[in-house]
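>>> just coords:
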């Protein structure tokens with residue numbers, strides 16, 4: 001039996017925390033890979049989230065909690081290194097305590113970054129995820145617009161907006177009502193993802209056994225909330241209410257590097273620039289995560305929540321060695 005396809009998730013995803021330096025920038029050299037995407041957030045200050053990737057190039061930032069077009073930040077992320085990255089003193093990357101989530105683009109880890117130009121026509125676009133994408137995050141680079149999210153749990157007839165609290169909404173013109181395949185994803189003529197002549201960036205993620213998972217659960221309104229099995233010990237979990245009364249709430253992010261240990265896992269909100277908040281909402285376990293909040297945000301009764309999760313360790317390695325809880 002194959003328990004996992006990746007024994008060492010930190011070769012492909014890793015969270016880093018550090019104290020920034022606005023005078024000279026910061027060098028991070030602790031990763032086991034060269035990152036292709038880095039998502040920054042100040043933990044102590046109300047600063048915007050920042051995403052940089054190697055396809056668009058260093059200094060090119062986009063803001064997950066806003067609608068702004070891509071901009072050049074000469075003192076933001078200044079270099080992708082073989083074992084980390086360098087920053088140049090920008091407030092968002094270097095003021096106070098910072099968290100940076102890092103991904104490697106490779107089919108092995110089911111992650112692809114795709115840049116394209118819109119044409120306002122129904123179309124397919126090739127990708128190199130190596131499997132069917134279960135979640136896609138798309139942003140118009142050349143003009144202001146919302147971030148559009150496809151998630152396999154809500155389906156190709158719906159979309160969610162990363163930069164707002166809105167619930168998922170129906171649209172036949174976003175993903176053309178067509179589920180992605182292992183080689184292409186589909187677009188309709190919706191301006192947010194395919195406006196004529198505009199440039200776009202798409203981040204595509206596939207399920208990889210023991211490393212990443214993109215699923216859903218239904219809230220029960222009880223402090224003894226759902227346990228969600230992922231098959232690995234999570235390093236990062238991002239969640240959002242997608243449908244049902246109470247689903248118009250923040251996206252929320254929890255990881256294994258910020259304060260602290262169960263049940264104290266602090267929260268950040270991808271759709272909001274607020275500083276890190278204290279939280280006892282979620283436990284990160286050896287084989288999944290457990291909801292501890294009775295109502296609101298993660299656990300309103302009958303609300304469908306979508307999630308994306310990445311591993312610290314597989315629950316059981318390919319040689320049969322089990323992981324431990326936090």
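That came through, no problem. This one's a predicted model, so the numbers in the text were calculated from it and none came from an experiment. Numbering: from 1, shown residues only.
>>> contacts only, for residue 47.
Shown in contact with residue 47 (Cβ atoms under 8 Å, 6 or more residues apart in numbering): 41, 91-92, 95, 273. Just so you know, the C-beta spots here come from the backbone N, C-alpha and C atoms, and that holds for glycine as well.
>>> the stretch 51-200 of the chain: helices as residue ranges?
91-94, 191-194 (DSSP state H, counting those that start in this stretch).
>>> so can I have CSV of the ones you listed showing mean pLDDT?
Compiled in CSV, the helices of the stretch 51-200 of the chain are given as follows (pLDDT from 0 to 100):
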stretch, mean pLDDT
helix 91-94, 97
helix 191-194, 98
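>>> adding distance to residue 306, write these out as TSV.
Formatted as TSV, those follow (distance: least, Cβ to Cβ, whole Å):
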stretch	distance to residue 306
helix 91-94	26
helix 191-194	18
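>>> count the residues that sit near residue 72.
10 (other Cβ atoms under 10 Å).
>>> how about it, nearest residue that isn't a chain neighbour?
Closest residue in space to residue 72, ignoring its immediate chain neighbours: residue 59 at 5.3 Å, by Cβ to Cβ, 6 or more residues apart in numbering.
>>> same question for residue 268.
residue 253 (4.7 Å).
>>> try residue 175
According to Cβ to Cβ, 6+ apart, the nearest residue to residue 175 is residue 156 (4.4 Å).
>>> that neighbour reaches residue 173, doesn't it?
No. Between residue 156 and residue 173 there is no contact under Cβ atoms under 8 Å: 11.3 Å.
>>> residue contacts, residue 160?
Under the criterion of Cβ under 8 Å, 6+ apart, the contact list for residue 160 reads 148-149, 151, 154, 166-169, 240, 242, 306.
>>> in the sheet, who's paired with it?
Here residue 160 shows beta-bridge partners residue 149, assigned using DSSP bridges.
>>> distance of it from residue 10?
Distance, residue 160 to residue 10, using Cβ to Cβ, to the nearest Å: 29 Å.
>>> residue 168 too?
From residue 168 to residue 10 the distance is 32 Å (Cβ to Cβ).
>>> what do you get for residue 65?
27 Å.
>>> now do the helices in the stretch 201-326 of the chain.
Read by DSSP H, counting those that start in this stretch, the stretch 201-326 of the chain holds no helices at all.
>>> show me where it dips below the pLDDT cut-off.
260-261, 264, 315-326 (pLDDT under 70).
>>> correct me if wrong: residue 263 contacts residue 283.
Yes. Contact status for residue 263 versus residue 283: in contact at 5.9 Å, counting by Cβ under 8 Å.
>>> quick one: which of those two has more around it?
Shown here are residue 263 and residue 283; by other Cβ under 10 Å, residue 283 has more neighbours (21 against 13).
>>> which residues touch the residue nearest to residue 72?
52, 72-74, 76-78.
>>> let's see it at 7 Å
Counting by Cβ atoms under 7 Å, 6 or more residues apart in numbering, residue 59 touches 72-74, 76-78.
>>> residues contacting residue 288?
227-230.
>>> hmm, try it at 10 Å
By Cβ atoms under 10 Å, 6 or more residues apart in numbering, the contact list for residue 288 reads 213, 226-234, 237, 309, 315.
>>> list just the nearest of these to residue 300.
residue 226 (11.9 Å; Cβ to Cβ).
>>> how many residues are close by the closest one?
With other Cβ under 10 Å as criterion, residue 226 counts 17.
>>> again with residue 245
Using other Cβ under 10 Å, residue 245 is surrounded by 11 other residues.
>>> quickly note the distance from it to residue 77.
Distance of residue 245 to residue 77, given as Cβ to Cβ: 40 Å.
>>> dump the contacts of residue 47 to TSV, plus neighbour count and distance to residue 124.
Shown next, in TSV, are the contacts of residue 47 (neighbours: other Cβ atoms under 10 Å; distance: Cβ to Cβ, whole Å):
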residue	neighbour count	distance to residue 124
41	27	33
91	17	40
92	23	35
95	17	42
273	18	35
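>>> could you single out the nearest of those to residue 185?
residue 41 (27.1 Å).
>>> helix/strand/coil for that closest one?
Of the three states, residue 41 takes strand under DSSP: H, G, I helix; E, B strand; the rest coil.
>>> now do the one 4 residues further on
Each residue gets one of three states, and residue 45 gets coil by three-state DSSP.
>>> report pLDDT for it.
With respect to pLDDT, residue 45 scores 96.
>>> likewise for the one 10 residues further on?
Reading off the per-residue confidence, residue 55 sits at a pLDDT of 98.
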